[in-house]
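A.B. asks: Sharing a sequence plus its predicted fold:
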Amino acid sequence: MGQLIYGSTPTVVDIDDRALAHLKVVIIAKLRRSEGFVFSWDDEVSTRAGLGRSSVWLHPGIAIQFRFFGSRQPALNKQWLDDLMIAANSGGGLRVSPESTARGEKNEVPNVY
């Protein structure tokens, strides 16, 4: 289980390493273009927020850190990256979604990120 850590008074979000690797690619791509956007996630029962949802506005001027539990970078799924980028560009913003696959296609992209 990895973590996305955001802001000077850190907001810490626990996210599966595989999902976090995909989110990192999308988030960095948006921030490199100086594009701010909303990122939302479901809160776990163990957090002080309890069950529910949280959102933050991600902006290039605010510190962000990605902390992975595992040492290996997973192969990236192009279809999932595309779906996450579409969400990030939408009015609803980016949120963790189930991994997507296109039937009959090889979806993994080389790890060049």
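C.D. replies: Perfect, I can see it now.
A.B. asks: and G93, what does it touch?
C.D. replies: F37, V38, F39, S40, S55, A87 (Cβ atoms under 8 Å, 6 or more residues apart in numbering). All C-beta atoms are positioned from the backbone trio N, CA, C, and that covers glycine.
A.B. asks: dump the residue contacts of the second one.
C.D. replies: Pointing back at V38 there. Contacts of V38 (Cβ under 8 Å, 6+ apart): S55, V56, W57, L58, G92, G93, L94.
A.B. asks: could you flag which of these are buried?
C.D. replies: By neighbour count, with 16 or more other Cβ atoms under 10 Å, these hold V56, L58, G93, L94 as buried.
A.B. asks: Report the beta-bridge partners for the last one.
C.D. replies: Right, the one you point to is L94. Per DSSP bridges, the residues bridged to L94 are F39.
A.B. asks: Include pLDDT when you put the buried ones among the contacts of V38 into TSV, please.
C.D. replies: Putting those into TSV (pLDDT from 0 to 100) gives the following:
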residue	pLDDT
V56	93
L58	95
G93	95
L94	97
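A.B. asks: host element of the most centrally placed residue in the chain?
C.D. replies: The structure's the chain has its C-alpha centroid closest to L23; by Cα atoms, centre = their mean the separation is 2.5 Å. Assigning secondary structure by DSSP states H and E places L23 in helix 17-32.
A.B. asks: All set, thanks.
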